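Chemist: here is the input, now give the coordinates:
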Amino acid sequence: MKLIQTIQELRTELDALRKEGKTIGLVPTMGALHAGHASLVKRAVAENDVVVVSDFVNPTQFNDKNDLLKYPRTLDADCKLLEECGASFVFAPSVEEIYPEPDTRQFSYAPLDTVMEGKFRPGHFNGVCQIVSKLFLIVEPTRAYFGEKDFQQLAIIREMVRKYPFNLEIVGCPIVREADGLALSSRNARLSDEQRIQALQISKTLFASVEYAQTHTLAETKAFVESAISNSEGLRLEYFEIVDGNSLQTVCDWKDSSYIVGCITVFCGEVRLIDNIKYKE
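Modeler: Residues are numbered from 1 along each chain as shown. Now for the predicted structure:
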């Protein structure tokens, strides 16, 4: 495995491999890697000849400067994990390498990017599209891999690829959870032992709501989740929406769509955690 920090060096390496007919998998990450990321990399390794993993904390997708400052950075540990997973290249550029000048491009995919995360984190998805589009242009991958934990992000990236002339396949990969159900997240490292126990209530509630939904209306199921989280010690609900899995628009009845997903964001102390659950697919 090779660590690369400049766009030119990465392009030189990949151009040579592409001429040999090699397929290239890309796994974009912001570092602080865990088993969830490892599952994406292992799938990419299984499905491609060469795998590039980007390890870059992208400043343009943070609307909270404190969140950016506190985001964990663990490049040495990341490289060890990625080598074990079989990655070919780790691309870990500086901010100046990616943004030698401000990126003023505007990406708008309403209504996908105006609800949920888009509503509470203005500018977030524009920053995501800026960095992901740059990585697609730099790497020119055959396939790119994203986790379904960031469900809305995945939908928006699929839409960006449909509207932009990118010749690649987007591969969505299932949420990876701890044995007790907590969705893996780089932000989990910021939880205290007590908060880690409190955060578990998020996935427990979502799992319980799937069974609850079998005998209750959509509105009752939404109220069930909101009440359970709001009454859980240490947790503060930002939103819980039950949406069509493709359009991300709110649905009012289980009959409204054949693909229905519940998306939730909860603060555990100062740590913002997201999760989702499928009710119909």
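Chemist: need the next SSE after the helix or strand bottoming out on mean pLDDT in the chain, C-terminal direction.
Modeler: Among the helical and strand segments of the chain, the one scoring lowest on mean pLDDT, DSSP states H and E is helix 65-70, with a mean of 88. Using DSSP states H and E, the next helix or strand after helix 65-70 towards the C-terminus is helix 75-85.
Chemist: now that following helix - C-alpha only, CSV.
Modeler: As requested, C-alpha coordinates have been extracted for helix 75-85 and formatted as CSV (Å, rounded to 0.1, in the frame of the first residue of the first chain):
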residue,chain,number,x,y,z
LEU,A,75,-3.9,9.0,9.9
ASP,A,76,-1.3,6.5,11.2
ALA,A,77,-3.9,4.2,12.7
ASP,A,78,-6.0,4.6,9.5
CYS,A,79,-3.1,3.5,7.3
LYS,A,80,-2.6,0.4,9.4
LEU,A,81,-6.2,-0.6,9.1
LEU,A,82,-6.3,0.1,5.4
GLU,A,83,-3.2,-2.0,4.7
GLU,A,84,-4.9,-4.9,6.6
CYS,A,85,-8.0,-4.4,4.4
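Chemist: buried residues, it. List them.
Modeler: Under the neighbour-count criterion of 16 or more other Cβ atoms under 10 Å, helix 75-85 has 78, 79, 81, 82, 85 buried. To be clear about C-beta, it is placed using only N, CA and C from the backbone, and glycine gets the same treatment.
Chemist: now for it, which elements pack on it?
Modeler: Applying 3 or more Cβ pairs under 8 Å, 6 or more residues apart in numbering; DSSP states H and E, one finds that helix 75-85 contacts helix 35-47, strand 50-55, strand 89-91.
Chemist: can you say which of these is nearest to residue 169?
Modeler: Go through these one by one with Cβ to Cβ and the one that ends up closest to residue 169 is helix 35-47, at 9.4 Å.
Chemist: ok and that closest one relative to helix 75-85, angle-wise?
Modeler: For helix 35-47 against helix 75-85, the angle between stretch directions is 40 degrees (axes from the mean of the first three to the mean of the last three Cα atoms, to 10 degrees).
Chemist: what sits up against helix 35-47?
Modeler: Outside helix 35-47, the residues that touch it by Cβ atoms under 8 Å, 6 or more residues apart in numbering are 23, 25-27, 29, 51, 53, 81-82, 84-87, 143, 145-147, 149, 171, 173, 175-176, 183-185.
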